[in-house]
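# Coordinates for the following, if possible.
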Amino acid sequence: MKDNHFKANVDRELYRLVERYNNAGGLVIELLNALGQQADGLLGQLPLKARDGLEAATEKALVQAMKAADRSRSIRGSETGWLQTTFATALGAAGGAGGVGTALAELPVTTTVFLRAIQDVAEQYEFDATSENVKFDCVQVFAAGGPLSEDDAADLAFLSSRMALSSGGTQKLIAWVTPRLAVVLGQKLAAQMVPVIGATTGALTNYAYMNYYREMAHVHFGLRRLSIEGDVPHPELVNLFREAASPQVQDLRKG
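Predicted structure coming up:
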């Protein structure tokens with residue numbers, strides 16, 4: 001009886017996390033599509049120079065974000081989610097107002113706000129955001145496909161990927177995450193490319209991305225907490241999550 005009750009609790013929490021994962025995109029993506037900013041072909045709208053420098057700019061933004069997020073934690077502590085979302089939305093509007101130039105300048109600040117939000121979620125699950133292994137996990141969340149991505153397998157990939165925290169482990173992780181994050185941020189930049197209209201789409205994309213990465217952080221750290229409290233090996237839990245999130249299982253649950 002106890003084992004059945006325990007399994008039911010794990011299953012219930014697992015499906016709650018799957019629901020967060022499925023709802024991560026949300027209404028804002030529909031609004032972006034209504035504005036004509038489709039995911040397909042967005043990168044092709046960027047100027048060639050911006051595309052060529054995107055990975056280098058993304059890696060630099062991520063490195064700067066890790067340093068800045070740590071400094072901001074020691075000064076101000078955790079912020080409420082609505083304030084972070086409001087700030088990110090305002091940054092997107094400001095970055096999109098002047099086209100690609102201002103959008104690129106906004107990139108490191110927005111990445112810092114995203115990372116800070118991910119760290120706050122880690123702390124909600126009672127993980128120490130200042131520890132190296134949790135910092136490592138926070139960067140991993142960026143490996144999830146962005147809210148304009150339709151590649152479910154890619155979105156789930158970050159949940160099972162884990163590099164050894166050896167010398168240079170975080171640097172290796174940043175190098176691994178950068179190409180994927182560059183695509184995500186490139187889509188964001190392209191959506192912000194047109195002045196005035198770019199301010200609107202910049203605000204919307206930042207709002208969407210903030211909520212998306214926060215939800216992905218809940219999935220990531222929720223699974224880690226469930227693994228600890230439920231005494232289920234993390235790789236096994238990830239496999240259970242993959243199965244629960246599969247279209248076949250989702251269709252059965254809806255039916």
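# can you list the weak-confidence ranges in the stretch 151-255 of the chain?
Within the stretch 151-255 of the chain, the set of residues satisfying pLDDT under 70 comprises 151-168, 193-200, 202, 250-255.
# for it, what spans make up the helices?
Along the stretch 151-255 of the chain, the stretches classed as helices by DSSP state H, counting those that start in this stretch are 152-160, 169-191, 197-230, 234-245, 247-254.
# Give me whichever of those helices is most buried.
Each of these was scored by mean neighbour count; the highest is helix 197-230, a mean of 22, by mean count of other C-beta atoms under 10 Å. All C-beta spots, glycine's among them, are computed from the backbone N, C-alpha and C.
# Output the helices of the stretch 151-255 of the chain in TSV; the columns should cover distance to Leu54.
TSV is the format used below for the helices of the stretch 151-255 of the chain (distance: least, C-beta to C-beta, whole Å):
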stretch	distance to Leu54
helix 152-160	18
helix 169-191	5
helix 197-230	15
helix 234-245	30
helix 247-254	32
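# can you tell which of these is closest to Gly146?
helix 169-191 (3.4 Å; C-beta to C-beta).
# Next, the angle helix 197-230 makes with the closest one.
Using axes from the mean of the first three to the mean of the last three C-alpha atoms, to 10 degrees, the direction of helix 169-191 lies 150 degrees away from that of helix 197-230.
# tell me what helix 169-191 is packed against?
Packed against helix 169-191 by the contact rule (3 or more C-beta pairs under 8 Å, 6 or more residues apart in numbering; DSSP states H and E) you find helix 54-76, helix 100-124, helix 132-141, helix 197-230.
# Now tell me what touches stretch 216-234 from outside.
Residues lying outside stretch 216-234 but in contact with it, judged by C-beta atoms under 8 Å, 6 or more residues apart in numbering, are 6, 9-10, 13-14, 16-17, 20-21, 24, 117-118, 121-122, 124-127, 137-138, 140-141, 144, 155, 158-159, 237-238, 240-241.
# Of the residues you listed, keep whichever come out buried.
Buried members of these, counted by 16 or more other C-beta atoms under 10 Å: 10, 13-14, 17, 20-21, 24, 117-118, 121-122, 125, 127, 137-138, 140-141, 144, 155, 158-159, 237-238, 240-241.
# hang on, the earlier thing: with distance to Val183 as added columns, please give the helices and strands packed on helix 169-191 in TSV.
Written out in TSV, the entries for the helices and strands packed on helix 169-191 read as follows (distance: least, C-beta to C-beta, whole Å):
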stretch	distance to Val183
helix 54-76	8
helix 100-124	14
helix 132-141	16
helix 197-230	13
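# Figure out which of these is closest to Thr178.
Checked against C-beta to C-beta, the stretch from those lying closest is helix 54-76, at 4.5 Å.
# which helices and strands does the closest one pack with?
Counting contacts by 3+ C-beta pairs under 8 Å, 6+ apart, the secondary-structure elements packed against helix 54-76 are helix 100-124, helix 132-141, helix 169-191.
# Including distance to Ala50, could the ones you listed go into JSON lines?
Shown next, in JSON lines, are these (distance: least, C-beta to C-beta, whole Å):
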{"stretch": "helix 100-124", "distance to Ala50": "5"}
{"stretch": "helix 132-141", "distance to Ala50": "24"}
{"stretch": "helix 169-191", "distance to Ala50": "7"}
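# With Arg51 as the reference, name the closest of those.
Nearest to Arg51 among those is helix 169-191 (7.0 Å), distances taken as C-beta to C-beta.
# So the nearest residue to Glu215 once chain neighbours are set aside: helix, strand or coil?
The spatially closest residue to Glu215, leaving aside those adjacent along the chain, is Ala24, at 3.9 Å (C-beta to C-beta, 6 or more residues apart in numbering). Classification of Ala24 into helix, strand or coil gives coil, according to DSSP: H, G, I helix; E, B strand; the rest coil.
# Ala24 against Ala208, yeah?
No: under the contact definition of C-beta atoms under 8 Å, Ala24 does not touch Ala208, with a separation of 9.4 Å.
# Mutual contacts of the two, please.
Listed as contacting both Ala24 and Ala208 by C-beta under 8 Å, 6+ apart are Pro147.
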